[in-house]
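Undergrad: fold the stuff below for me.
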Amino acid sequence: MHLRNRHGTPVDPVPFVVVVGLSFMVLLSFGPLYGQELGLGLETAIVLSAVLFAVATAVAFYRQVWTFYPEATGSVPSAIRAERLFYLIPILAALIIALSVPLVLW
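TA: Predicted coordinates:
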């Protein structure tokens, strides 16, 4: 996959693919369940989750591809970027657990 920003400069697609994959996982796993719990039909909940996924994909593309400047990547040391990634792993795990708790209690 060869992604380019608005200036035609090549952009690394991995962060975009990861964000889109995680949003797909969360929105289409938990979205229909929460939609049904809120009184929506299954088809409506799935369509709403798919629309939210499309919006999340468009926002991720805009932020991580279209307006990204590869020249700015070197300004943040790799140790700090790795530390941020390390802290995001337990946050993501806690988010998934927090999303599943109301479904168990209802």
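
Undergrad: tell me which strands and helices the helix or strand hosting residue 23 is in contact with?
TA: Assigned by DSSP states H and E, residue 23 falls within helix 14-37. When contacts are defined as 3 or more CB pairs under 8 Å, 6 or more residues apart in numbering; DSSP states H and E, helix 14-37 packs onto helix 42-61, helix 78-105. The way it works is simple: take the backbone N, C-alpha and C, and place the C-beta from them, glycine included.

Undergrad: try it again with 7 Å
TA: Counting contacts by 3 or more CB pairs under 7 Å, 6 or more residues apart in numbering; DSSP states H and E, helix 14-37 packs against helix 42-61.

Undergrad: re earlier: what residues of the helix holding residue 23 count as buried?
TA: 16, 19-20, 23, 26-27, 30-35 (16 or more other CB atoms under 10 Å).

Undergrad: what does stretch 68-78 give?
TA: residue 68.

Undergrad: distance of residue 87 relative to residue 80?
TA: Using CB to CB, to the nearest Å, residue 87 is found at 11 Å from residue 80.

Undergrad: likewise residue 39?
TA: 45 Å.

Undergrad: next: residue 70.
TA: Taking CB to CB, one finds residue 70 at 18 Å from residue 80.

Undergrad: ok so, going back, closest to residue 104 among the buried residues of helix 14-37?
TA: residue 33 (10.9 Å; CB to CB).

Undergrad: which ones are touching the closest one?
TA: residue 103 (CB atoms under 7 Å, 6 or more residues apart in numbering).

Undergrad: could I get the pLDDT score of it?
TA: The score at residue 33 is 89. That number is its pLDDT.

Undergrad: shift numbering so it begins at 59
TA: Sure, I'll start numbering at 59, so the last one becomes residue 91.

Undergrad: in the chain, where is pLDDT below threshold?
TA: 131-132, 164 (pLDDT under 70).

Undergrad: let's go with 80 and repeat that
TA: 59, 128-134, 160-164 (pLDDT under 80).
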